[in-house]
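[1] how does the following fold in three dimensions:
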Amino acid sequence: MTTDAPWTGRKADAVDVVVIGAGHAGLAASHLLSRHGVDHVVLERGQVANAWRQERWNSLRLLTPNWQTRLPGKAYAGDDPDGFMAVPELVRFLDDYAAGLNAPVLTETTVTRVARNGDGYRVSTDRGTLQARAVVLASGACNRPSVPGIAGKLPDTVKQLTPFDYDSPDDVPAGGVLVVGASATGLQLATELLRAGRDVTLAAGEHVRIPRQYRGHDIFYWLQRCGIHDERYDQVEDLARGRRLPSPQLVGTRELDLLDLNHLAGLGARITGRLAGVRDDTLMFSGALRNVCELADLKMQRLLAQIDETADADGAPAPERYAPTQLPGPPVLTLDTRRDDIRSVIWATGFRPDYHWLDVPVLDRKGQLIHEGGVVASPGMYALGLPLMRRRKSSFIFGIEDDARDITQHLVDYLRWPFPESDARSSSWAGAASCRTTQESVLSMNNG
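    Numbers count the residues shown, from 1 in each chain. Alright, predicted model coming up:
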């Protein structure tokens, strides 16, 4: 027995495409699907840009400059193109984008199951069920913090937090703080805690060190200018590794050129290697920190040398020189949580997607989506917004446009087949009237 679909009052509603997620990726897909006249609906568990509203800390700013903030049909138009958006500004940007599109977004609707049904998919939600010919997974790659199993061995005297639990230093108990992870998140939180007068230890594993500004421009200008961000997934030598790379050590400000381990040490942080083990109250750290830092320094110099080839041809200012990572004193191999007053741990160890509702055999043993450039291993299923999905820029807001154009074109061709071109106007996927009907029913549900 099917559940009543409250947005129409009919027993089982049907739509050509269901887009899951109303963040920047889902909204971009909606914009392009509408341009193609595709009948679709966007399902969102909270409000538009829900993850940005609910799961980010107060001081967070985008890593990309404002001039790079754009989506299909909308670009930043403010008076600070070289600044960096705070979260409330980005939420307004996405709200305005959704309103301008008149996107068929159904908010406060949680997807509970997606399963094959005939030649399409049954999409079950806490508000009813939809039958779709195709599904776009745009729910994001950062739905859950990735916390290692070693967390279960920490003593009960240590409070554990993730970036989802953290809004400001006030959320962290008094005493020393161990921040685990040396990507953008870890270094930003550690810096904020140090400036709040907290005693911080940072456990650093593999990381990506790059400057904020280089040769007169933001680093993202050069990554775009040199074509690095446009490198396709099928041109990357080790794709699996590329998709696992941590985010670069950056912060959204022009006042700090290098947010790196040298900066944190200068603020008074204790720097250790990767957290490798826990025995009772003893934390044990890898002794390979120096090698990890040398590798990060080497990769940064290689990147800057690649940029230099273009920058020299452009007549850019002379290149800056950056000192290697400095590790004062002998390596710290152990700490005692009681003796060294480690009262809390923040796991800045990355994020992962959440597909617990996806009842289709398209996940590998680690829960990662099996796809080829966003075309999922199930007919009519697609993804958007994943790291290095089609290009190196795929996970950035500005990078979604090219990916979304590719994916929606593939999707439209899938829906068209096997109809000949002459029959396209009569098929529901191309019917603008059908698209309007879906939008009206969705809007009436939202208003109800």
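[2] from here on, just use CA atoms for contacts and neighbour counts.
    Noted.
[3] residues touching Asp340, list them.
    Gly176 (CA atoms under 8 Å, 6 or more residues apart in numbering).
[4] and stretch 95-113, average pLDDT?
    What stretch 95-113 shows for mean pLDDT is 95.
[5] and the pLDDT for the closest residue to Gly23 other than its chain neighbours?
    Setting aside the residues directly before and after it, Gly23 is nearest to Ala49 in space (CA to CA, 6 or more residues apart in numbering), at 4.5 Å. For Ala49, the pLDDT comes out at 95.
[6] can you give me the neighbour number for Ala49?
    Residues near Ala49, counting by other CA atoms under 10 Å, number 23.
[7] hang on, isn't it packed against Val91?
    Yes - the criterion here is CA atoms under 8 Å, and Ala49 meets it with Val91 at 6.1 Å.
[8] which strands and helices sit next to the longest helix seen in the chain?
    Assignment by DSSP state H gives helix 289-314 as the longest helix of the chain. Secondary-structure packing of helix 289-314 (3 or more CA pairs under 8 Å, 6 or more residues apart in numbering; DSSP states H and E): helix 219-225.
[9] pull the residues that contact the next helix or strand after the helix it packs on.
    Counting by DSSP states H and E, the element after helix 219-225 in chain order, helix or strand, is helix 239-244. The contact list for helix 239-244 (CA under 8 Å, 6+ apart) reads 233, 236, 387-388.
[10] pLDDT score for Glu255?
    At Glu255, the model reports a pLDDT of 88.
[11] count of residues packed around it?
    Burial of Glu255 is recorded as 9 neighbouring residues (other CA under 10 Å).
[12] what about it, which helix or strand?
    Assigned by DSSP H and E, Glu255 belongs to no helix or strand.
[13] contacting residues for it?
    Contacts for Glu255 (CA under 8 Å, 6+ apart) come out as none.
[14] kindly provide the distance from it to His263.
    Separation of Glu255 from His263 (CA to CA, to the nearest Å): 13 Å.
[15] which parts of the stretch 251-400 of the chain are strands?
    For the stretch 251-400 of the chain, applying DSSP state E, counting those that start in this stretch gives strands covering 270-272, 275-279, 282-285, 334-336, 342-347, 351-352, 358-359, 371-372, 375-376, 381-383.
[16] now those as CSV including mean pLDDT, mean neighbour count and distance to Pro155?
    Shown next, in CSV, are those (pLDDT from 0 to 100; neighbours: other CA atoms under 10 Å; distance: least, CA to CA, whole Å):
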stretch, mean pLDDT, mean neighbour count, distance to Pro155
strand 270-272, 97, 23, 20
strand 275-279, 97, 16, 9
strand 282-285, 98, 19, 9
strand 334-336, 97, 17, 11
strand 342-347, 98, 22, 10
strand 351-352, 92, 16, 24
strand 358-359, 98, 15, 35
strand 371-372, 97, 15, 40
strand 375-376, 97, 20, 42
strand 381-383, 98, 24, 40
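[17] quick one: closest of the ones you listed to Glu320.
    strand 270-272 (25.5 Å; CA to CA).
[18] one step back: tell me which two in the contacts of helix 239-244 are the farthest apart.
    Across the contacts of helix 239-244, the longest distance by CA to CA is 12.7 Å; it joins Val236 and Pro387.
[19] ok, which stretches of this structure are helices?
    24-35, 50-54, 87-101, 184-195, 219-225, 239-244, 261-266, 289-314, 400-416, 432-447.
[20] ok and the third one relative to helix 24-35, angle-wise?
    On the basis of axes from the mean of the first three to the mean of the last three CA atoms, to 10 degrees, helix 87-101 is oriented at 10 degrees to helix 24-35.
[21] hmm, who's touching helix 87-101?
    Contacts for helix 87-101 (CA under 8 Å, 6+ apart): 23-24, 27, 31, 48-49, 52-53, 56, 58, 60-62, 74.
[22] now, the most widely separated pair of the residues you listed?
    Longest span within these, CA to CA: His31 and Asn58, 29.5 Å.
[23] out of these two, which sits in the busier spot?
    Taking neighbours as other CA under 10 Å, His31 and Asn58 compare with His31 leading, 25 against 12.
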